[in-house]
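1. Give me a model of this one.
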Amino acid sequence: HGVAHTGALVSLNEYVGYWMRELESEIGPNDHFHPQFARSLQVRLAQLTAKIAGVQRGPIRHLVLFDLPKENEKEITSEFRQLKAKIESIVGFEAGAIKQPPMKAQQGKLSNAFLVTFSNKTSRDAYLPHDEHKRFVEKVGQFLTPSLTVFDYVPSTLMNTLPK
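-> Next up, the predicted model:
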C-alpha cells in the first residue's frame, strides 16, 4: 500500500530476538548460574518460544483504512473483494463504510475500512508481494491520501496467551 507494514508478530519477534541475542552475548562459557535458576530460565525461554510459534500459526488481520471518494467507493470495494478469489492466502474479507461522522486520522479523514484475514503470518507474507495485490495497489494509487492507515494485528484471544 506504499506504507510500511507493521504487525504485532514482526515487532514481537524482532523484540524477543533482540533480547535473546543480547542475553546470549552477555552469557559467556565461563559464567555459572545456580542450577535451579538456569533451569527456570530454560523453562521460561521454552514457554515463550512455544507461545510465539503458536501466535505465528494463528490468524493475522490486515486492516486498511482509506478516505475514498464516494463516486469510486463501490468500484474500489469490488476490486479489493476480488483479491480473495485471486489470492489463495486470503481466508476472509470484510469491507464497510465508516459511519458518520467520518473518523479523523492524523493526516485527514477516513471513510472506508477493509479487513483481510490470513490463516497465519506466512500467508500474510505471501500476499504483500503477490502480483494481484500489487496490481490492486497500483490501480487505487490515485486515491491514496496521507490518511491511509494500514496495520496488521493478532486477535486479542491469541495475544492473551503471551506471557506478561
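2. quick one: contacts for Pro129?
-> For Pro129, no contacting residues are found, by CB atoms under 8 Å, 6 or more residues apart in numbering. To be clear about C-beta, it is placed using only N, CA and C from the backbone, and glycine gets the same treatment.
3. Give me the three-state assignment for it.
-> Secondary structure assignment for Pro129 (DSSP: H, G, I helix; E, B strand; the rest coil): coil.
4. Retrieve the pLDDT associated with it.
-> Looking at Pro129, its pLDDT reads 93.
5. ok, now how distant is it from Gly96?
-> Counting by CB to CB, to the nearest Å, the gap from Pro129 to Gly96 is 27 Å.
6. What is the helix or strand containing Thr77 packed up against?
-> Here Thr77 sits within helix 73-86, counting by DSSP states H and E. Helix 73-86 makes packing contacts with strand 90-97, strand 112-118, helix 131-140 when contacts are defined by 3 or more CB pairs under 8 Å, 6 or more residues apart in numbering; DSSP states H and E.
7. Export it to CSV, keeping only CA atoms.
-> Backbone C-alpha positions of helix 73-86 (Å, rounded to 0.1, in the frame of the first residue of the first chain) are rendered in CSV as follows:
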residue,chain,number,x,y,z
GLU,A,73,-16.2,3.6,-3.4
LYS,A,74,-18.2,0.7,-5.0
GLU,A,75,-15.6,0.1,-7.7
ILE,A,76,-12.6,0.0,-5.3
THR,A,77,-14.5,-2.2,-2.8
SER,A,78,-15.3,-4.6,-5.6
GLU,A,79,-11.7,-4.7,-6.7
PHE,A,80,-10.5,-5.3,-3.2
ARG,A,81,-13.1,-8.0,-2.6
GLN,A,82,-12.0,-9.8,-5.8
LEU,A,83,-8.5,-10.3,-4.4
LYS,A,84,-9.9,-13.0,-2.2
ALA,A,85,-10.7,-15.1,-5.3
LYS,A,86,-7.3,-14.3,-6.8
